[in-house]
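[1] Sequence and predicted structure are below.
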Number of protein chains: 6
Amino acid sequence: MFLRIDKLPVELPQSTKVDPESAAAVQELMGGRFGEMSTFNNYLFQSMNMRGKKQLGPFYQLVANICAEELGHIQLVGAAINSLLNGPETDVVEDGDEYATGTPIADLVGGLNFNPHHFIAAGRNSLPVDSTGAPWNGTYVFSSGNLILDLLHNFFLENSARTNKLRVYQMTKDPAAREMLGYLFVRGGVHRDAYAKAIQKLTGADLGKMLPIPKIGNEVFPEAKKYMNLNSHTKLYRFSPDDYRDIGQIWEGPLPEGGVAEVVDAPPTEKAGDHVELAGIGSAFAPDYHPQEVFEMAQQLYKSAKR
Amino acid sequence: MFLRIDKLPVELPQSTKVDPESAAAVQELMGGRFGEMSTFNNYLFQSMNMRGKKQLGPFYQLVANICAEELGHIQLVGAAINSLLNGPETDVVEDGDEYATGTPIADLVGGLNFNPHHFIAAGRNSLPVDSTGAPWNGTYVFSSGNLILDLLHNFFLENSARTNKLRVYQMTKDPAAREMLGYLFVRGGVHRDAYAKAIQKLTGADLGKMLPIPKIGNEVFPEAKKYMNLNSHTKLYRFSPDDYRDIGQIWEGPLPEGGVAEVVDAPPTEKAGDHVELAGIGSAFAPDYHPQEVFEMAQQLYKSAKR
Amino acid sequence: MFLRIDKLPVELPQSTKVDPESAAAVQELMGGRFGEMSTFNNYLFQSMNMRGKKQLGPFYQLVANICAEELGHIQLVGAAINSLLNGPETDVVEDGDEYATGTPIADLVGGLNFNPHHFIAAGRNSLPVDSTGAPWNGTYVFSSGNLILDLLHNFFLENSARTNKLRVYQMTKDPAAREMLGYLFVRGGVHRDAYAKAIQKLTGADLGKMLPIPKIGNEVFPEAKKYMNLNSHTKLYRFSPDDYRDIGQIWEGPLPEGGVAEVVDAPPTEKAGDHVELAGIGSAFAPDYHPQEVFEMAQQLYKSAKR
Amino acid sequence: MFLRIDKLPVELPQSTKVDPESAAAVQELMGGRFGEMSTFNNYLFQSMNMRGKKQLGPFYQLVANICAEELGHIQLVGAAINSLLNGPETDVVEDGDEYATGTPIADLVGGLNFNPHHFIAAGRNSLPVDSTGAPWNGTYVFSSGNLILDLLHNFFLENSARTNKLRVYQMTKDPAAREMLGYLFVRGGVHRDAYAKAIQKLTGADLGKMLPIPKIGNEVFPEAKKYMNLNSHTKLYRFSPDDYRDIGQIWEGPLPEGGVAEVVDAPPTEKAGDHVELAGIGSAFAPDYHPQEVFEMAQQLYKSAKR
Amino acid sequence: MFLRIDKLPVELPQSTKVDPESAAAVQELMGGRFGEMSTFNNYLFQSMNMRGKKQLGPFYQLVANICAEELGHIQLVGAAINSLLNGPETDVVEDGDEYATGTPIADLVGGLNFNPHHFIAAGRNSLPVDSTGAPWNGTYVFSSGNLILDLLHNFFLENSARTNKLRVYQMTKDPAAREMLGYLFVRGGVHRDAYAKAIQKLTGADLGKMLPIPKIGNEVFPEAKKYMNLNSHTKLYRFSPDDYRDIGQIWEGPLPEGGVAEVVDAPPTEKAGDHVELAGIGSAFAPDYHPQEVFEMAQQLYKSAKR
Amino acid sequence: MFLRIDKLPVELPQSTKVDPESAAAVQELMGGRFGEMSTFNNYLFQSMNMRGKKQLGPFYQLVANICAEELGHIQLVGAAINSLLNGPETDVVEDGDEYATGTPIADLVGGLNFNPHHFIAAGRNSLPVDSTGAPWNGTYVFSSGNLILDLLHNFFLENSARTNKLRVYQMTKDPAAREMLGYLFVRGGVHRDAYAKAIQKLTGADLGKMLPIPKIGNEVFPEAKKYMNLNSHTKLYRFSPDDYRDIGQIWEGPLPEGGVAEVVDAPPTEKAGDHVELAGIGSAFAPDYHPQEVFEMAQQLYKSAKR
């Protein structure tokens, strides 16, 4: 079972403009083969399917616990995409009928053809697809039942995910996107190192010698450096009220790129941020009606509930 | 962000035999268009994407909160599939080399051709696919940005999910599978009713008059009746330490099939159960090595951690 | 625009038993790459897209007219699949609650695992998928804008469709399936010959010399011979109240396998048959409720309409 | 069986320029999950598969009859796409060899990269794909065998289709595209209301209270208003020479957005229009040869036929 | 450029019976995510795309050379599938018309429903699909441009391929299938070790310590042991008349599971075998006509060529 | 088995600029339904699967031999795509850290959104996808077991491939792309004519009368004319050290568009060219490290090997 906390892992700054081209690129980190839906679902299925959960103790707990953190990463990528598709406006906009028949939306926001579904299907919001618009699918999940092979897969997955993120960083200058990327460079690095440590414990092979892939350190990126200054790159957070207490048997000792592994017995709520606020927009008929109306309805609901 | 509790929503009985045919059918409820991966991802994207999260208060919270419960349903379906693929054995089995070259596995378990990936890809475990083996994919997510339309979709989704579950119930007599089904008949009914109530609050349309679809009550099924006796069909659990406190503004009043809606301020841990234990099996080379070995390694890790 | 006549092209006999294995095989002729959805959609898009519809007169009309006939072939394949999935019963069956919790349906009908969606998704009815359960999709449509190439494609398509049908014939002995096949052997032969004639008119190449592919005549099959005795293999029917009057400029002269081409100015209604009657069944919760109920509602509707 | 009338439901004006960006967007209404291929195929499979066709009378007839109208809608969307990809020219253009090696086509028509298959695969014509280029596929068909659930699906489908159409309206100002959209806003509204009425007859639930979704009336759009002035929004046409005579038992009484339901015993031929004429173009080697040649061949065929 | 030698890498024994169930399972090694089409295409794209082919010398050559060997592995897997689908018969069979209308083929060969396309589409031959019938596709290719990451991927790929092969071994006892498997266990082991060595040369990380995955040696399997006795597990063959002469800079030194790496300057033709002979069969209308006919035509062609 | 020669069939000139739009279009010829991956895989499976390989002699050899040539065509298309994505630079570029955080790459190279995977997944290299980014897949392979039908398919395939190539020619002016196209116009013409001859030998049908499709000769294109001047359009090369010696029984006599068929007993190495050199680039973290580093490592390997 899972619980939900109504926060993002970190707060994102406002996007400076509507930027559907960057939004389309960032989708790779959501629904691509090496995106956050993939990290989450791989670790979810592996933790469900693992044989000998009790005997394997810390190995099971490691995968199960990282799985929970990935859900917050999905949300963070989604928040960045939504920010890019809506820009700095957060109030209700375009109220009235004239927008419906007036200037085509493509002119207003500089082209929605990068992924037309961002407008037609989702009303300018994120989708479970990659940067080419292809939907995430279950063939991206690897859960072989063989523990060593699963861990090797996860190590490969985290390195590929990092490579994709580094390339998306170069495709956008948007502050919301780059903040998200900087944070995930660091947290993805922790997960990668954790799988390397698990393999070393079990087989003695030192995969840390291959790191980092690509050979450029996170500290080069100011948006990542800021989180390294808070030692985010050495901490494995425990995402559970009471469980997964043995992960420190794997997450301990020196790290491949410096620092010493440390387990923190709580999720990283200290830097947690509010959701990006999205304005109701008439041009997408979203949320519905003329956007003000549904908000008023909800208001009345509150009032009648208080009576 | 999400937290994880190392329990299943309810405890499943042992499967009485290895039953890959039933396992293949139950996959529909995992990775099918109307399976639990679909309910989870639909509500995840809708809650990420919703405009005016604050103004819409209880409507946002309702979707966000139900989303969290669906993760546990994914786990429960996965546990049932794993149980069906492994049968009653929970100890280490088939240790030694002779299994590798001996009687083909297909002879042992009565056919693995229902979904050959259950053996070849997953080592007799669950996969993110449907009953035909097709992978779950992102086109199953509907997140239009239009609140009324999203709620109508969710009402349709829950009714379709129920129809599929009823039909899978008829395709298996396995006690683990039917226990899972009985519980999900009841919990899916709560979600369906919640979306009907949300639509009625916003528009006045009474979709409850269509229910149940199909027109057979949950009480007909002994595995569901048992949970109705605990009033599970009237309770909306709050799956969050501190958030989603306004869902009672929607989840209140009489229910379409009887009873009165009630919000419970905690997840349903009282009936929560342990994970289904799965034996290490040599024939699938899972977890790895000769199965006993990796368990011993984990054992040593514990010991060295205690020093 | 299209009109619809509430008849099948020919009447099918009752299937002698529930036969989901044959039903799964026959699906290839519905949603396979060379199935009837493919012939219909290829000719629909080619006729929509053709340049110079007026100047090309008979060539446009040929494709547009054959397109209309293919819709009836989709219906005939669907009727055969439905017949195989339901067997000889046509009355309301399994009324009452006990079927819901009683013997699993798989035991009753000899295995539904050939395509589990036949039961779970469709309630024992046809689907737009092929014999492996893969959905029909738009990549099966070829519409290049180049008339010679499109006609060459259509000639290849009809020959491949025939090969698939001959092989499905060998996979079932069901009288409904074989009746459908016999009729479609003959009608598909007419379409194949028509495209060969169109190519010969335009280029002089005599593709008729390659026929039949495979080299076994339709007359070998009693279910086809019966329609050849009615000269169905020499007739091109005009499927339009008033249009497509120039197709006789292409469909004329001797045919590759004997006989002389003849245009008939009406669809083949003389042998048209009623739809296969399908019982309401409780086990699939179809049509809904306990099956009798919805029939009674419809009855009342009639009565109140007559008042 | 179906017949074909060589007309479009309404006549489209000429597009004012070649506009491949708009054409790519309009494809959503052809091959998207909620496009016209989906409405047609859903109602085709539901009408083929319905149990108790005779007992359910008007419900069966309603679905079967609307199915036939959708074929004309596919054609209308296709005509709009073809118009956008070809612009106002209708004569033979680009005849001669020099176009083959001269200025790249992309420069001439302002970018063909929105959907490169529009040029490479289709020679500047429509395709069975959506706005991202993904092919239509059979998973978009819902045919559960449960009548209430199928009708609920259809109501959801029609509302989603309308939302997509409203959004595409905002993405283009082309007169051919907007004329098509205006007409389909109105006709789609009739189908949506018909399914709402069918559900109300069977269950009493009043889904009309939710309408319109999104909450903007068709009358706001001049291209739709013009058809409302002809009462097109209150008429259900009977698309059959002799059948489906009981649909008036459902399509009767007041409509959710005003007016009174009325059955018309013929298809709407009074406003039917000619197909959009498409020039032969050399750059796409379409229809073939130097475009003039194949036209001359067809000409000769006519002459020889008259002898 | 590539040249082709009309031999298989090794000779396969006859299958003892028609065994479509095993054939369906073996397809995983052809068109599955970790099958031979994947190894070939991964190394083909990586070798085409590699930057600095000259500067990277032996690394480029290693990937390019292994790529060529994988083509022979595709052929060997295909030969095993064809053998399983046809059994021991190699003469022309089922000549005459009676097979066409006689006993359904499914009865004769014990069920073709494991993958119905084996009969309907391919006439009892191999297909580019996996064990569930899903087609191989290009998303299985990983070519990132980053050399370390590509090599890590290849190491993961070879280990996953081995795991799948071990599991398929357990699903069949057919001598042709097991001979193919034994040979590929050994050759795949060489490729896996070669990628481990390349990574160690570049980074120092010793991945050999993880091997074998799963932890069962090839020598346990008699069909593999036989090739180990010929030292096939220590040899890297050079698959080129004149190129790839520097691979010995990587393939040298002791091997993880014993023995010393050795480069052989020629492909392994000494054990190469003839293709599996497949009878012409009437029931699949393959090759065509009554099967004897096309053979006679080819015969005449020979004779006239000799004149 | 296959051997590999480390050359391209012909040498390509440098691209004059980075041109990701053209690169995206050229991908159709790699991974599209009628691209070179399709020609190769069709002939590979047909030659593996052919029944009576010995009796059918020259027909088998023809398909097997053409198959080998297609591998070189895949490489040539890949080289053109890589050239377009990298432009004229061949030295190491962008070394240092500043590129990582500096100007987004999209600004530098004029938009990478045509296929974002070209940058994110492949580091500016080719992929096994088509012009819309959809992956090549196994449904593009047709291998029916019926020889006549397979040959008819191949004739259709080669004509469709030519049509696509002609259209891509019009979408780019890049010299590398057009050189590749000119060569493939000619070689594809040979394969098309060879299949036409094979069909005529077997059935007498003269498909040559339909050619060329589209009706524009290769000689119109200067990049093709140059190879026709070398008689490349009349030569069938034998791609094998010792096999396929009977193909001259089919490839003989006059050709549809002029000239006389001639077999050449060796691959066309006289015009073979070096691979396109690709610079290491920092912005894609390719090959890895700062690009210079990995080159230096390889250098050291050489030196140590020489000791």
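    Looks like it came in fine.
[2] So is stretch A:41-53 next to chain B?
    Yes. Interface with chain B: stretch A:41-53 contributes A:Asn41, A:Leu44, A:Phe45, A:Met48, A:Asn49, A:Met50, A:Arg51, A:Gly52, A:Lys53 (Cβ under 8 Å from any Cβ of the partner chain). Any C-beta I mention is one placed from the backbone N, CA and C, and that applies to glycine too.
[3] what's the nearest residue to the second one if we skip its chain neighbours?
    Right, the one you point to is A:Leu44. Take A:Leu44 and drop its neighbours on the chain: the residue closest to it by Cβ to Cβ, 6 or more residues apart in numbering or on different chains is A:Cys67, 5.2 Å away.
[4] now the residue in the stretch 151-300 of chain A positioned nearest to chain D: how far from chain E?
    Chain D sits closest to A:Phe285 of the stretch 151-300 of chain A, with a gap of 3.2 Å, by Cβ to the nearest Cβ. Distance from A:Phe285 to chain E, counting by Cβ to the nearest Cβ, to the nearest Å: 34 Å.
[5] Which helix or which strand is home to the residue nearest the centre of chain A?
    By Cα atoms, centre = their mean, chain A has its centre lying nearest to A:His73, at 2.4 Å. In this assignment (DSSP states H and E), A:His73 forms part of helix A:57-86.
[6] who in chain A is up against chain E?
    Neighbours of chain E within chain A, by Cβ under 8 Å from any Cβ: A:33, A:139, A:142, A:144, A:146, A:148-149, A:152-153, A:155-156, A:159-160, A:163, A:199, A:203-210, A:213-215.
[7] Make a PyMOL selection of whichever of those residues turn out to be buried.
    Remark: buried members of the residues of chain A next to chain E, expressed as a PyMOL selection using 16 or more other Cβ atoms under 10 Å in any protein chain shown:
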select buried, chain A and resi 33+139+142+144+146+148+149+152+153+155+156+159+160+163+199+203+205+206+207+208+209+210+213+214+215
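[8] of the residues of chain A next to chain E, list those near chain F.
    Filtered for proximity to chain F (Cβ under 8 Å from any Cβ), the residues of chain A next to chain E shrink to A:Arg33, A:Thr163, A:Ile213, A:Pro214, A:Lys215.
[9] Would it be right to say that the third one lies in a helix?
    No. Counting by DSSP: H, G, I helix; E, B strand; the rest coil, A:Ile213 falls outside a helix, being coil.
[10] And for A:Ala79, nearest residue in space, chain neighbours not counted?
    A:Val276 (4.7 Å).
[11] Tell me how many other residues crowd that neighbour.
    Neighbours of A:Val276 under the rule other Cβ atoms under 10 Å in any protein chain shown: 23.
[12] List the contacts of it.
    Residues in contact with A:Val276 (Cβ atoms under 8 Å, 6 or more residues apart in numbering or on different chains) are A:Leu8, A:Leu12, A:Gln14, A:Ala79, A:Asn82, A:Ser83, A:Ala176.
[13] could those be laid out in TSV, adding neighbour count and distance to C:Gln300?
    Compiled in TSV, the contacts of A:Val276 are given as follows (neighbours: other Cβ atoms under 10 Å in any protein chain shown; distance: Cβ to Cβ, whole Å):
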residue	neighbour count	distance to C:Gln300
A:Leu8	24	55
A:Leu12	24	58
A:Gln14	16	60
A:Ala79	26	53
A:Asn82	26	50
A:Ser83	30	55
A:Ala176	26	59
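[14] tell me the least confident of those residues?
    Looking at the contacts of A:Val276 by pLDDT, the weakest one is A:Gln14, with 90.
[15] What strand or helix carries that one?
    Here A:Gln14 sits in a region with no helix or strand, counting by DSSP H and E.
[16] Could you measure from it over to chain B?
    In this structure, A:Gln14 and chain B are 16 Å apart, going by Cβ to the nearest Cβ.
[17] That residue and A:Pro175, how far apart?
    8 Å (Cβ to Cβ, to the nearest Å).
[18] and what of A:Ala23?
    Distance of A:Ala23 to A:Pro175, given as Cβ to Cβ: 14 Å.
[19] For those two, indicate the residue with more neighbours.
    Taking other Cβ under 10 Å, A:Ala23 and A:Pro175 do not tie; A:Ala23 has more neighbours (29 against 16).
[20] residues in contact with the spatially closest residue to the more buried one that is not a sequence neighbour?
    With Cβ to Cβ, 6+ apart as the criterion, A:Ala23 has its nearest non-adjacent residue at 3.9 Å, and that residue is A:Leu84. By Cβ under 8 Å, 6+ apart, A:Leu84 lies in contact with A:Ser15, A:Val18, A:Asp19, A:Pro20, A:Ser22, A:Ala23, A:Val26, A:Thr172, A:Asp174, A:Ala176, A:Ala177.
[21] For PyMOL, write a command that selects the buried ones of these.
    Paste this into PyMOL to select the buried members of those, with burial taken from 16+ other Cβ under 10 Å:
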select buried, chain A and resi 15+18+19+20+22+23+26+172+174+176+177
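[22] Identify, from the contacts of A:Leu84, the entry nearest to A:Ser131.
    Checking these against A:Ser131 by Cβ to Cβ gives A:Val26 as the nearest, at 7.8 Å.
[23] Thought A:Ile81 was touching the closest one, still the case?
    Yes. Applying Cβ atoms under 8 Å as the test, A:Val26 and A:Ile81 come out as touching, 5.3 Å apart.
[24] For the stretch 151-300 of chain A, which segments count as helices?
    Listed in chain order, the helices found in the stretch 151-300 of chain A under DSSP state H, counting those that start in this stretch are A:175-203, A:222-228, A:291-306.
[25] Test for you: state the pLDDT assigned to the closest residue to A:Leu230 other than its chain neighbours.
    Nearest residue to A:Leu230 in three dimensions, chain neighbours excluded: A:Lys271, at 7.6 Å (Cβ to Cβ, 6+ apart). A:Lys271 is assigned 84 on the pLDDT scale.
[26] and what of A:Arg51?
    Note for A:Arg51: predicted pLDDT of 89.
[27] For A:Leu3, give me its contacts.
    A:Pro241, B:Phe2, B:Leu3, B:Arg4, B:Ile5, B:Ala68, B:Phe239, B:Ser240, B:Pro241, B:Pro267.
[28] cutoff 6 Å now
    Contacts for A:Leu3 (Cβ atoms under 6 Å, 6 or more residues apart in numbering or on different chains) come out as B:Leu3, B:Phe239, B:Ser240.
[29] Does it belong to a helix, a strand or coil?
    Three-state call for A:Leu3 (three-state DSSP): strand.
[30] how close does it get to B:Lys235?
    To B:Lys235, A:Leu3 is 16 Å away according to Cβ to Cβ.
[31] and what of A:Tyr227?
    Going from A:Tyr227 to B:Lys235 by Cβ to Cβ gives 40 Å.
[32] And those two? Which one has more around it.
    The neighbour count for A:Tyr227 versus B:Lys235, taken as other Cβ under 10 Å, is higher for A:Tyr227 (22 against 17).
[33] pLDDT wise, what is that one at?
    For A:Tyr227, the pLDDT comes out at 96.
[34] Neighbours of the nearest residue to it once chain neighbours are set aside, how many?
    Leaving aside its sequence neighbours, A:Tyr227 sits nearest to A:Val186 (Cβ to Cβ, 6+ apart; 4.5 Å). A:Val186 is flanked by 24 other residues according to other Cβ under 10 Å.
[35] what about A:Val186, distance to chain E?
    Per Cβ to the nearest Cβ, A:Val186 is found 19 Å from chain E.
[36] Same question for A:Val264.
    Note on A:Val264: its distance to chain E, by Cβ to the nearest Cβ, is 28 Å.
[37] how far away is the residue nearest to A:Ile5 when sequence neighbours are not counted from A:Leu181?
    For A:Ile5, ignoring the flanking residues on the chain, the nearest one in space by Cβ to Cβ, 6+ apart is B:Met1 at 4.6 Å. Distance, B:Met1 to A:Leu181, by Cβ to Cβ: 18 Å.
[38] Between the two, which is the more surrounded one?
    A:Leu181 (25 against 22).
[39] Would you check how far apart that one and chain E are?
    Going from A:Leu181 to chain E by Cβ to the nearest Cβ gives 18 Å.
[40] I figured that residue hits A:Met171, correct?
    No. Under the criterion of Cβ atoms under 6 Å, A:Leu181 makes no contact with A:Met171, lying 10.4 Å away.
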